[in-house]
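Trainee: kindly generate the corresponding structure for this input.
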Amino acid sequence: MDDKLRERLRTAAEAHRPDRERILARVERGMAEGPSARTPHAPRGPLPWLRVVGAAAAVCGVLAVGAYAVLSAGGGQTRGGQVAAPSVPSASAPAVPGRVPELRTEDGPLWADGAVDPHSNAYWAQSNATLRSTQPLSSLTVELRIAQTGGVNTTGSWRSLPEQDFTASAQEKGGFLVYRWTLKPGRTVPVGTHTFAGQYNHAEGDRSADGDYFTANAARTTGQQVSVGDNFASDH
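Mentor: Numbers count the residues shown, from 1 in each chain. All right, here's what the predicted structure looks like:
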C-alpha cells in the first residue's frame, strides 16, 4: 500500500513541479497523523492522504485548463514547458515617405521641371528630372526621390550629359528610392537643357507620383550657389 501511495504522489508531484516540495511536505504530515490521530467524534471523511492527492489533482487540473485556454484564445505554443506568446504577423505595407518639401523651380540661371515619362506603364515607370542652365556650372548634384508606394525597385538610370563626368548611385532611404548624380571635380556642365532619369518597377496599377520630387544644387563658374527642384504631382 505504501509503495502504491508513494508512486501516485510522485506522479502527481511531477505533473506540477513548482509545488512539489509543498505537496510532499503535506503528504508526510498527513501520513504522520494517520487514523489514530482522529478523535471518536470527528466526522468521517476522506483520509488525509486522499485529501492531499485530491488537492494535487485539482491543482494540476486547473493548470492544464488554464494552459489550454491560453493556447486556444491566443494561438500560442508551448516551448520548454512554458506558454509562448502568439506571434504577430509582420507588416507588409509599404513605408510611408516624408512630406515633399517646398521647392522653387527657378534660381538665377537654373530652371527645373519634373515629369513622369509618357512611356511608363502599369508595371514600370521612368521619372525625368530636367534642368536648363543659361550659364556653365562648376558643380552639380541632382537627387531624384521616388516614394516607396509598393514594389518600387530600381531598373537603372541615365543622364543626357557624358557618363564619365558623373558618379551615380541608387539606394533605398527613408521610404524613398533615391537616385543621385554628382559632377566630378574639374568637370563643367555646359549651357543648355539636360535630363536625369530614374527607371523603376512598381506594384501593378496606375501608380501615383504625388510623393516624388527632385532637387538640384549647383554652383556657377563664378562660385555663386544656386538650388532648384520640382515634384511629379499629377496636377503639376
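
Trainee: and the strands in the chain?
Mentor: 78-79, 82-83, 106-107, 110-116, 124-133, 137-147, 153-159, 166-173, 176-183, 192-201, 213-220, 225-231 (DSSP state E).

Trainee: for the record, mean pLDDT for the first one?
Mentor: In this case it means strand 78-79. Averaged over strand 78-79, pLDDT sits at 33.

Trainee: for the longest one, same thing?
Mentor: Per-residue pLDDT over strand 137-147 has a mean of 98.

Trainee: begin at 514 from now on, thanks
Mentor: In the new count, where the first residue is 514, that last one comes out as strand 650-660.

Trainee: just to check, T618 is in contact with S740?
Mentor: No: using Cβ atoms under 8 Å, T618 is not in contact with S740, being 10.9 Å away. C-beta coordinates here come from the backbone N, C-alpha and C atoms, glycine included.

Trainee: comparing the two, which residue is more hemmed in?
Mentor: The residue with more neighbours, out of T618 and S740, is S740; 16 against 13, by other Cβ atoms under 10 Å.

Trainee: give the contact list for that one.
Mentor: R617, D620, L623, T728, A729, N730, A731 (Cβ atoms under 8 Å, 6 or more residues apart in numbering).

Trainee: if we use 6 Å, what do you get?
Mentor: For S740, the contacting residues are D620, N730, by Cβ atoms under 6 Å, 6 or more residues apart in numbering.

Trainee: and the nearest residue to G736 once chain neighbours are set aside, how far from A732?
Mentor: Using Cβ to Cβ, 6 or more residues apart in numbering and skipping residues adjacent in sequence, the residue nearest G736 is S651, 7.6 Å away. Going from S651 to A732 by Cβ to Cβ, to the nearest Å gives 5 Å.
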